[in-house]
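Q: no sequence on this one, just coordinates:
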DNA sequence: ATTGGCATGTAACCAGTTACATGATTCC
DNA sequence: GGAATCATGTAACTGGTTACATGCCAAT
């Protein structure tokens, strides 16, 4: 019921295959939802059975066939209903933060490495967001952009993902410096 | 396996009952993990069966008895092992962002309200984080604090939660102004 | 009188992860 | 020759949510 809406929202951008979505939903572009390919194929099947999406098979040469899914009117309606429902607060669940919370009784070096990995990951993702933003703006200012385009949703979610990664970077840099000081103190 | 570590990490602060944890894990203090009371009672039971925590029953007058759980040596060891394991990237899943993504085909007014609700929630949570921070620092600077205290984990996770809510506020304010302009344009 | 807080739990269900399975093509 | 990409799916399992259930005490 939750993934369902994320898929419908993504299909607003146009038809896509399970494989397309699994790329869009993976770590690289997912600014708002993440899912495994297995989940997507299953959910797309269910959505098709409910008539919220339709599939058409596209035969390709030198490539496996693919099924492209697109929204039906019923699918658009379901999405509209979803947006009108009150949202429940979203659970924050971050393994890295659990490790950081436990660092004082844990393996300081391993936690340091985990934070450094997150920093690297956040930098890469921020770069991707910045490219996506540049592509959307295409030289215009934000205000010009909003005046000219039909859809504002994708830009707003991109900006949230972008600021999330920016904050990850700031926090991780600060955390690393504090963890390093602590390691030095322990070494005495 | 995931909630398990969050519970063990929380018990580093000292013994706690299922009810205590369910308050600590609720929307107000959960800077890194969230869980329902039902999940917690079940998981605590399992942890006790595995010998990672021990329970002692405290009888209270004018109140139901409570079971206070604390870490065992095996529990500390399990937590340490967890911190040494490589962390997997955390899934982002935010219903509000799905709604915002779909806003152009959805109910603009309802989405606006959802963003406003999030803004209000984020402000309340930021205030709580700020109080928690002031309590921890107790008048000291951050550097003084880190030099004096044994545990740095709780402060670092608090700071991450705090900056997350700050960004929620910034983003929601900007999003609201853009959604309002869009509503005005549609009204023409 | 009724709402809210304290305090614990069970059971049924739904969502998400991991492992397995296949097979052609393209790039290094 | 081997790894990565395209493309789809099944099955078993684990984790998480929702509904139900109980009962006393304090405050309004």
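A: Good, I have the coordinates. Note that the structure is predicted; figures quoted are calculated from it, not measured.
Q: so where's the longest helix in chain A?
A: What stands out as the longest helix in chain A, according to DSSP state H, is helix A:153-187.
Q: Can you give the distance of that helix from its chain's centre?
A: Counting by Cα atoms, centre = their mean, to the nearest Å, helix A:153-187 is centred 17 Å from the centre of its parent chain.
Q: and the lowest-mean-pLDDT helix or strand in chain A, what does it pack onto?
A: Lowest mean confidence among the helices and strands of chain A (mean pLDDT, DSSP states H and E): helix A:18-24, at a mean of 90. Counting contacts by 3 or more Cβ pairs under 8 Å, 6 or more residues apart in numbering or on different chains; DSSP states H and E, helix A:18-24 is packed against helix A:2-11, helix A:37-49, strand A:66-71. C-beta: built from backbone N, CA, C; applies to glycine.
Q: at 6 Å what do you get?
A: Helix A:18-24 is packed against helix A:37-49, with contacts defined by 3 or more Cβ pairs under 6 Å, 6 or more residues apart in numbering or on different chains; DSSP states H and E.
Q: The helix it packs on: which residues count as buried?
A: A:39-41, A:43-44, A:47-48 (16 or more other Cβ atoms under 10 Å in any protein chain shown).
Q: Please compare these by their distance to chain B and name the closest.
A: Nearest to chain B out of those is residue A:39 (Cβ to the nearest Cβ; 10.9 Å).
Q: What number of residues are in the vicinity of the closest residue in space to the closest one that isn't next to it in sequence?
A: Nearest residue to residue A:39 in three dimensions, chain neighbours excluded: residue A:3, at 6.2 Å (Cβ to Cβ, 6 or more residues apart in numbering or on different chains). Neighbourhood size, residue A:3 [other Cβ atoms under 10 Å in any protein chain shown]: 20.
Q: Tell me the confidence at residue A:3?
A: In this model, residue A:3 is scored at 93, pLDDT.
Q: Then residue A:63?
A: pLDDT for residue A:63: 85.
Q: Using the record's assignment, carve chain A into domains.
A: Annotated domains of chain A cover A:2-84, A:95-187 [automatic domain parsing].
Q: which one of these has the lowest average pLDDT?
A: Ranked by mean pLDDT, the domains of chain A end with domain A:2-84 at the bottom, a mean of 90.
Q: Now do that one: distance from first to last residue.
A: 14 Å (Cα to Cα, to the nearest Å).
Q: can you give me how far that domain is from the chain middle?
A: With Cα atoms, centre = their mean, you get 15 Å for domain A:2-84.
Q: does any part of that domain sit near DNA strand C?
A: Yes: using Cβ under 7 Å from any atom of the strand, domain A:2-84 reaches DNA strand C at A:2-3, A:34-36, A:38-39, A:62-64.
Q: And the closest residue to DNA strand C within chain A, how far from residue A:46?
A: Here chain A gets closest to DNA strand C at one residue, residue A:1, 3.2 Å apart by Cβ to the nearest atom of the strand. Relative to residue A:46, residue A:1 is positioned 10 Å away (Cβ to Cβ, to the nearest Å).
Q: same deal with residue A:8?
A: For residue A:8, the distance to residue A:46 equals 12 Å [Cβ to Cβ].
Q: Geometric centre of chain A: which residue is closest?
A: Centroid check for chain A by Cα atoms, centre = their mean gives residue A:30 as the closest residue, at 1.8 Å.
Q: counting contacts, what elements does the longest helix of chain A pack onto?
A: Using 3+ Cβ pairs under 6 Å, 6+ apart: helix A:153-187 touches helix A:108-137, helix B:95-101, helix B:153-187.
Q: got a list of contacts for stretch A:84-103?
A: A:111, A:114, A:118, B:5-6, B:9, B:27, B:32-34, B:79, B:83, B:87, B:90, B:94-96, B:107, B:110, B:114, B:153, B:156-157 (Cβ atoms under 6 Å, 6 or more residues apart in numbering or on different chains).
Q: got the residues of chain A near DNA strand D?
A: Counting by Cβ under 7 Å from any atom of the strand, the positions of chain A adjacent to DNA strand D are A:17-20, A:22-23, A:37-38, A:41-42, A:44-45, A:60, A:63-67, A:88, A:91, A:93.
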